[in-house]
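*Asks:* just coords:
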């Protein structure tokens, strides 16, 4: 056994490797961290004409919007969490399933065509997606108009508060499921074919290949994305929801971001915006790091492996 | 003055329009929920501010710019200083120059504005822009930002200290302080008869100038908008066909009208804008104030607190329940398309926007104008009025008075009135390039080249007029409608007052109420919830705003 | 090439499996596709399964295509039909390209398209390079400082700066009205760095160790071993970046003064004015652009991305054979 190597030795050993990363590190520091200093306005009554330095300090006043115990806030927070977890449960797995499904197609041409079609909605803005959904499924939309004329089952999807979560979840699926397959397809494309071959040689069917080869192979990526997703639990599609609050009503549709927007930011309260961002970031950090720890406990790599383990 | 409780006077405290409401786009969010105009203009005092009186009203230390009509052409239908637009049946020809030479003396003038619609080609590839620079005698560099993002842009530019010379102002909070810190006080140039040095600015109806006053000083120039911000257009063709009464006389008749024109099976509804019907029809019918109202004792009340509004809310909820609104009304619907296609029979349209409908010449479409009646049948209800201003344009602090005067001259040029050669160029461009002359209509008709024109009228522009080539009858009807509505209209009595609480909290106080209001209309909540919400609203700041308005009002109502 | 001489003393023992032939020996002659087909052919799916799969995918595609059809049809429809339908039409009765002609009139859109293509190409090229370099330097286990740097990167995903501090920075750097203001701030993305690093980690350590012992420099290892084995993720990151740069407009709102430097999405944004966003705030004589125009714009903005996708797509499908390096 060799004696443990010192930090300095490691630095010397890795200096060329670090040099490769330097441009990226500089860009991150310059374009991400320097502006982050501006978040000091979370503790100020910031006004652009005064500037960051001149704006008066207000202590924690800007955070009050998150800790005032307003029942509407509690409702918004609970809606946010429910929507987040519903989406993690129902939206997150769909691109994986879709990727596996597409991967199992024999014809390369069909595979590519399907892919190309499914990724299209990703490029539509929410304004248009919401309008399209309404045009198709609204109470006077194509479906219900047709159903009314043919005495068929009518669905009040858009205006029903009870269906709000289902509505926005299906919109998210429609818009981004196809796009979401891309990373998983990339991961699948790296699977070691010898493993498939050995399963096939052992007489294993396609399900066994899927279960014993493909899924384990893409598991690290799945877990990584899941952990990163947790960092966003307090953020659910602001624009999408904001556009649809009218028909669904506030009780069902108010989420953290819309609450803060409606109550604080509209009036030019920059400090509030920064304060809310900080709190959300903090919560996200705790969740991401926590989830990463949990992943380590289960022997997964997570975001960062404890580097020395793998060496 | 009918409809308002006090005269136009000004105090030291000054008067802010709903800066908070204007701040809505500051976060860079492009789209707003709700329907029709239910977006930014909702949080209490919006652009629908106060209107007032004739020329050169004196008050406190400030004298508003004197109104003096620029006698360039004679209108077919007269306008008024209160904001009734003039009407024309044909375009005056030949158009005579009304300004004396270029206002500028070389050099560069920078400007920024929020653009609606496609941006024109840059000056290098834009003969119209080059022509404009020649006329103005300066190199005018206009920075255009999509209107939805303008607030974000303006705030960053202020933060960076990069303001151009001429700045369209909206989407910024704490306007009185911003104005004082960043922009020229124009009082000494424009107050009273001072404005007569700039005849086309003096030609702007007095009502519009009130939006430019902050801390008792004039800080901006008001591009014109119609004072009566919204008109209710009707599909007369459909109404006649269905045998409905086109001008219901009271609340019950209006209810019947809505029922008569609605046929869900035929995908036809009275309206697709319930919040607008509530605020601009039902509210008027039951005679609630418009936003904040003040009584003779100087006591302020917000429309939401009144029994009258409660009745209007209940009435609108019954309308919703009766199914006369398009069922997707609270979603993102295209109101204009609905109206043109006959899906809706009533349509709330801003100012002169009806023109686009006329221009389309839709077969069979015949438009009328609906005046909401008093609920009890006591004649026409009192319409709500705005400030007659579309945004305002301020001048960044300059090095010399000469420079300020030059910039005012330039804005003056841009405000050249209808009928002048300058107006023709600013609005239509060069003949046979950007427009052609239509002998039958006696009007210029825009060509495809007109994409070169830049919307400088958002910086300063002539008073709006009714001029609808080929539709003189409708111009007449519109003119008559405005002439009747404006003298008896109600204004937001807080529009010229400053309340710090309102400035900071208007949105957080009013947004929940607006949401609840929509829920009540849809039958999801009850009027009891409304009463409770109003209690909360009072306790959490509503009363505070009221008190501040009352103090501000008392201060100068002496 | 300034290669580092791998110091074997600093290397942990690798159980004697030190050198195993040349790095990344790819199977000659047989493509991954052929092998896959061979495997699949050995275990054909049942007819029922294929049927179900077919139906599911068909439905997925239909659900996506119908609204798209509506978008395209609406962009071609005449106003009368749109009025009648209340916004969208499923099939244009009298198709015309009016809206498209209107968009391309005056050359503003054409110019902006070129600007956008330039920004997208330069931006995604640089971005993939920077992200790959950083991801690689963080992907070698035990690298000095790699964990703190990774956390540093991760935090930028969780905390965001407001637009004003960003503007002040760009201003301080003298980048206002420069194309670089549209490229540099979004060059690095924490998400992309983390994803790419995760893929790089999958590169078998043996190959890299072998190359090090052969005296290959880190850059050489990245270029000739890690990247070829990670073509798929490189293509994915390139696509992500291309899409980000192509769709970005807000930085241009803030940082670009001259309209001739506007990217396509910002120009198009001026056409798509949401009725409800502005309402009575508009002066009375301004009417938002028509539905046909808005839909045509959507179609125009989609086309270039539709063209790029197939070029990158083949890399997701292909992948690389890693199996050659076995102990």
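*Replies:* Okay, I see it. Predicted model only: the values in this text are computed from it and were never measured.

*Asks:* residue B:371 reaches residue B:481, doesn't it?
*Replies:* Yes - with contacts counted by Cβ atoms under 8 Å, residue B:371 reaches residue B:481, the gap being 6.9 Å. Glycine gets a C-beta too; all of them are placed from N, C-alpha and C.

*Asks:* these two: which is more packed in?
*Replies:* Set side by side, residue B:371 and residue B:481 give different neighbour counts by other Cβ atoms under 10 Å in any protein chain shown, the larger being at residue B:481 (20 against 17).

*Asks:* surely residue B:319 forms part of a helix?
*Replies:* Yes - counting by DSSP: H, G, I helix; E, B strand; the rest coil, residue B:319 is located in a helix.

*Asks:* what sits closest to it if chain neighbours are left out?
*Replies:* residue B:258 (5.9 Å; Cβ to Cβ, 6 or more residues apart in numbering or on different chains).

*Asks:* show me what the strand or helix carrying the one you found is packed up against.
*Replies:* Using DSSP states H and E, residue B:258 sits in helix B:251-261. Counting contacts by 3 or more Cβ pairs under 8 Å, 6 or more residues apart in numbering or on different chains; DSSP states H and E, helix B:251-261 packs against helix B:236-242, helix B:307-321.

*Asks:* coming back round to it: quick check, the residue nearest to residue B:319 in contact with residue B:321.
*Replies:* No - using Cβ under 8 Å, residue B:258 is not in contact with residue B:321, being 11.5 Å away.

*Asks:* between these two, which has more neighbouring residues?
*Replies:* Set side by side, residue B:258 and residue B:321 give different neighbour counts by other Cβ under 10 Å, the larger being at residue B:258 (22 against 12).

*Asks:* and the residue in the stretch 101-250 of chain C that chain B sits nearest to, how far is that from chain A?
*Replies:* For the stretch 101-250 of chain C and chain B, the shortest gap (Cβ to the nearest Cβ) falls at residue C:167, measuring 4.0 Å. Separation of residue C:167 from chain A (Cβ to the nearest Cβ, to the nearest Å) stands at 9 Å.

*Asks:* same thing with residue C:185?
*Replies:* Counting by Cβ to the nearest Cβ - residue C:185 and chain A are separated by 5 Å.

*Asks:* my read: that residue touches residue A:28, true?
*Replies:* No - the pair formed by residue C:185 and residue A:28 falls short of the contact definition of Cβ under 8 Å, at 10.8 Å.

*Asks:* which non-adjacent residue is nearest residue A:184?
*Replies:* Nearest residue to residue A:184, sequence neighbours excluded (Cβ to Cβ, 6+ apart): residue A:99, at 3.7 Å.

*Asks:* per-residue confidence for that neighbour?
*Replies:* Note for residue A:99: predicted pLDDT of 91.

*Asks:* before we move on, what about residue B:54?
*Replies:* Residue B:54 is assigned 26 on the pLDDT scale.

*Asks:* what segments of the stretch 101-250 of chain A are helices?
*Replies:* Secondary structure of the stretch 101-250 of chain A (DSSP state H, counting those that start in this stretch): helices located at A:108-118, A:126-137, A:142-149, A:164-188, A:193-201, A:206-209, A:215-230, A:238-242, A:245-248, A:250-253.

*Asks:* so what touches the last one?
*Replies:* In other words, helix A:250-253. Residues outside helix A:250-253 that contact it (Cβ atoms under 8 Å, 6 or more residues apart in numbering or on different chains): A:72, A:75, A:79, A:161-162, A:164-165, A:241, A:244-245, B:512, B:515-516, B:519, B:524.

*Asks:* any idea what residue B:349 is bridged to?
*Replies:* Taking DSSP bridges, one obtains residue B:231 as the residues bridged to residue B:349.

*Asks:* I'd say it and residue B:229 touch.
*Replies:* No - taking Cβ under 8 Å as the contact criterion, residue B:349 and residue B:229 are not neighbours in contact, 9.9 Å apart.

*Asks:* more neighbours: which of the two?
*Replies:* residue B:229 (29 against 25).

*Asks:* report whether stretch A:18-32 contacts chain B.
*Replies:* No - Stretch A:18-32 lies out of reach of chain B by Cβ under 8 Å from any Cβ of the partner chain, never closer than 16.0 Å.

*Asks:* need the longest helix for chain A.
*Replies:* The longest helix of chain A (DSSP state H) is helix A:270-297.

*Asks:* name the helices or strands packed onto that helix?
*Replies:* Counting contacts by 3+ Cβ pairs under 8 Å, 6+ apart, helix A:270-297 is packed against helix A:215-230, helix A:256-260, helix C:146-158.

*Asks:* just those helices: most buried one?
*Replies:* Between the helices and strands packed on helix A:270-297, helix A:256-260 has the highest mean count of neighbours, a mean of 24, where neighbours are mean count of other Cβ atoms under 10 Å in any protein chain shown.

*Asks:* contacting residues around that one?
*Replies:* A:65-66, A:72-73, A:76-77, A:80, A:234-236, A:238, A:241-242, A:245, A:272-273, A:276, A:280.

*Asks:* now the buried members of the residues you listed.
*Replies:* Under a neighbour-count criterion of 16 or more other Cβ atoms under 10 Å in any protein chain shown, the subset of those counted as buried comprises A:65-66, A:72-73, A:76-77, A:80, A:234, A:236, A:238, A:241-242, A:245, A:272-273, A:276, A:280.
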